[in-house]
Each structure stands twice: as structure tokens, then as C-alpha cells.
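Chemist: 3D model of this:
(one chain, ligands or ions: 1)
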Amino acid sequence: MISCEELVKIYKTDDIEVVALKGLNISVAPGEMMAIIGNSGSGKSTLLNILGGLDRPSAGVVRVGDWNLLKMTDEELVEYKRSTVGFIWQNNARNLVPFLSALENVEMPMMLSGQYDRAYAKQLLEWVGLKERMGNKLQQLSGGEQQRVAIAISLANKPSLLLADEPTGSVDTQTSDRIMDIFRRLNRELGVTIVIVTHDMALASKVDRVVAIRDGMTSTEFIKRNPNLDDSDPGSGTDLEPMHDVHEEYVVLDKAGRLQIPKAYLQALQIDSKASMEFDGEKIMIRSPKSLSAMQEKVESERG
Ligand SMILES: Nc1ncnc2c1ncn2[C@@H]1O[C@H](COP(=O)(O)OP(=O)(O)OP(=O)(O)O)[C@@H](O)[C@H]1O
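Modeler: Coordinates of the predicted model:
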């Protein structure tokens with residue numbers, strides 16, 4: 001469904017250039033539900049905005065289905081956003097109108113895109129558990145309920161890809177669980193491909209695959225050990241611990257065979273600009289040049 005190769009995004013302001021994505025590689029299979037994690041400023045939202053057609057990539061390859069996002073014209077981009085992709089933000093005020101009812105909020109984008117379908121709008125609100133509240137004005141709904149309206153709106157154009165940027169960022173744990181259940185159902189029953197950007201490790205541990213972004217590049221991937229186990233309770237830690245309970249961690253190799261070694265390992269081994277690499281037929285060992293020369297000295301002193 002999604003294929004990014006060596007994706008680069010440079011933001012140019014008056015006097016500075018920020019390279020937000022530095023050759024990022026990622027692919028997402030059709031029907032997958034996955035999460036992207038990473039520190040603040042690592043490029044997660046930039047990636048999501050590019051995939052959502054809200055921002056243009058600077059270089060590389062970005063394909064979503066049959067669309068080539070680097071080469072699309074402005075007209076094609078409008079059509080792409082209308083037909084293929086749905087978007088959910090943490091701050092749902094951006095796409096909701098407070099003085100309209102929940103139902104009217106869902107119907108409005110349908111009208112704008114010429115696909116008005118009241119029965120479907122009602123069905124979507126039922127899907128997100130708001131059957132009884134669809135006549136209420138947005139301002140009469142709680143933050144979590146408003147977020148569920150936002151999910152219904154994002155599905156109004158029947159997208160095959162749903163992008164969610166911190167969708168549970170401003171709701172309590174119970175609502176967050178409910179939103180994840182809705183995503184899981186959409187994914188399983190409608191086959192919607194879902195990509196979630198999150199800081200929340202407990203939430204990330206509920207999806208089958210998590211890709212970590214560091215400094216504008218993909219660094220590590222976590223794959224669920226047993227994808228059939230949905231309801232693992234990963235706890236609520238804020239570091240990577242909950243991930244390790246249910247996921248196996250892999251280092252990502254790009255097309256040129258490059259891999260990113262976690263900073264903590266490099267620091268522990270005092271590796272900075274270069275390392276020695278050795279293959280023993282089974283494993284590849286990476287050592288700091290210092291430890292290698294210390295070993296050689298030891299061998300030589302033992303010899304003689
Ligand atoms: N419109 C912009 N103009 C200039 N720089 C930008 C713009 N948008 C993002 N950046 C920069 O690009 C880098 C990546 O930002 P991005 O918002 O993608 O990170 P993030 O991982 O989503 O962070 P957070 O978790 O804090 O939302 C940051 O250094 C940011 O300052």
C-alpha cells in the first residue's frame with residue numbers, strides 16, 4: 001500500500017533549512033495496522049503529512065497504491081485526498097464545526113466531495129458508538145466523543161488508508177482503548193490500512209508492527225511475537241519496556257545494506273566514527289577499534 005524509499009523532506013524558511021526526513025525507507029502492506037514511534041522532532045508528523053498529501057516530499061520515492069506522491073499534479077493531489085486517504089489529528093478542533101451536530105459534521109465533507117449519503121453518515125456514527133448522540137451539537141460532546149466524530153469524518157470518503165497523528169493524545173485511557181478497538185474493527189472488517197503516529201508505547205504495543213524513526217530515518221522495527229494475541233496487557237510504562245513484552249525488535253536494513261546502530265550501544269562500546277566488523281559464519285560482530293587493538297595486544301603479549 002505504502003512504499004517510501006530514500007524519502008527526503010527539507011523545510012526552507014527565510015535563512016535556514018531543516019532536513020526533517022533524511023532518506024527514510026518504509027513500506028506498509030495493504031490491510032496492515034501499524035504504528036510509528038519516535039522522539040519529538042524525529043520526523044513522524046512530516047512523514048504522515050506527506051502520506052496524507054498535506055505536504056510535498058523533496059526527493060525520493062513515495063507511493064501509496066497507484067499514486068506517485070512525488071510526481072502528482074495539484075489536481076491529482078486533491079483527487080488523492082478525496083478518494084484514497086483519511087486523516088485524524090490529535091487536535092480534532094481542526095476539522096470539526098462546534099455549532100453543527102455530530103451527524104451534520106460527518107455529512108459536510110460528504111457534501112463538499114459530492115458524495116452525500118445520510119444513511120452512510122449515520123452508519124459511521126453508529127460504528128464509532130455515537131448512535132444515541134448524533135443529533136447533539138459538537139460542543140455538547142466530550143473530548144473523547146468529539147474524537148470519535150473525527151474518526152467517522154475521516155471515513156466519510158471511504159478511504160483505503162487511514163492516517164492518525166496522536167489520535168489518543170488528548171483523551172483518557174478508557175477512551176484511548178475504545179479508539180484502538182474502533183481502529184482494529186475498521187482494519188479487520190473493512191480492510192482499511194491504518195498508520196498511527198504515537199508517543200504512547202502502551203498503545204503502540206497493541207499493533208502488529210511498530211517502526212521507530214530516529215533523526216528522520218527508520219531505525220528499528222518491532223514485530224509482534226504472536227499476532228493472534230490482541231489483548232496483551234503491556235502495562236503503561238513510558239519507555240520501550242511494554243514493547244519488548246510483546247514484540248521482537250529488529251534493526252532495519254536499507255536497500256544499500258546500511259543499518260542504524262542504537263546510540264546507547266555505540267556509547268557503551270565507545271564507538272564514534274568507525275568500528276570493526278567481523279563475520280564468523282553465523283554472526284556479525286561489531287567492535288570499537290579500541291577494543292580490537294587491545295585484544296590484538298593481548299594476543300601478541302600472550303604469544304611472546
Ligand atoms: N513547516 C515547517 N517548517 C520548518 N521546519 C519544520 C516544519 N515542520 C516540521 N519542521 C521541523 O522538522 C523536524 C521534524 O518535525 P516533525 O513535526 O515531523 O517531528 P515529530 O517527530 O512529529 O515531532 P513531535 O512528536 O514533537 O510532533 C523538526 O526539526 C521540526 O522543527
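
Chemist: Stretch 28-48: how far from the chain's middle?
Modeler: Stretch 28-48 sits 2 Å away from the centroid of its parent chain (CA atoms, centre = their mean, to the nearest Å).

Chemist: Oops, could you answer that again for stretch 44-63 instead?
Modeler: Put simply, stretch 44-63 sits 12 Å off its chain's centre (CA atoms, centre = their mean).

Chemist: Stretch 75-83 too?
Modeler: Remark: stretch 75-83 is offset 21 Å from the chain centroid, using CA atoms, centre = their mean.

Chemist: For that stretch, which outside residues touch it?
Modeler: By CB atoms under 8 Å, 6 or more residues apart in numbering, the residues outside stretch 75-83 that reach it are Gly52, Gly53, Val64, Trp67, Leu69, Met72, Ser113, Asn157, Pro159. Glycine gets a C-beta too; all of them are placed from N, C-alpha and C.

Chemist: Leaving out chain neighbours, which residue sits closest to Gln260?
Modeler: Once flanking residues are discounted, Gln260 sits nearest to Ser219: 4.3 Å by CB to CB, 6 or more residues apart in numbering.

Chemist: residues contacting that neighbour?
Modeler: By CB under 8 Å, 6+ apart, the contact set of Ser219 is Ala212, Ile213, Val251, Val252, Gln260, Pro262.

Chemist: Can you add pLDDT, secondary structure and neighbour count and give the residues you listed back as CSV?
Modeler: Below are the contacts of Ser219 laid out as CSV (pLDDT from 0 to 100; DSSP: H, G, I helix; E, B strand; the rest coil; neighbours: other CB atoms under 10 Å):
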residue, pLDDT, secondary structure, neighbour count
Ala212, 90, strand, 24
Ile213, 91, strand, 22
Val251, 82, strand, 13
Val252, 79, coil, 16
Gln260, 77, coil, 17
Pro262, 77, coil, 14
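
Chemist: Pick out whichever of the residues you listed sits closest to Phe99.
Modeler: Nearest to Phe99 among the contacts of Ser219 is Ile213, at 38.4 Å by CB to CB.

Chemist: Look up how far the ligand lies from the closest one.
Modeler: Using CB to the nearest ligand atom, to the nearest Å, one obtains 7 Å as the distance from Ile213 to the ligand.
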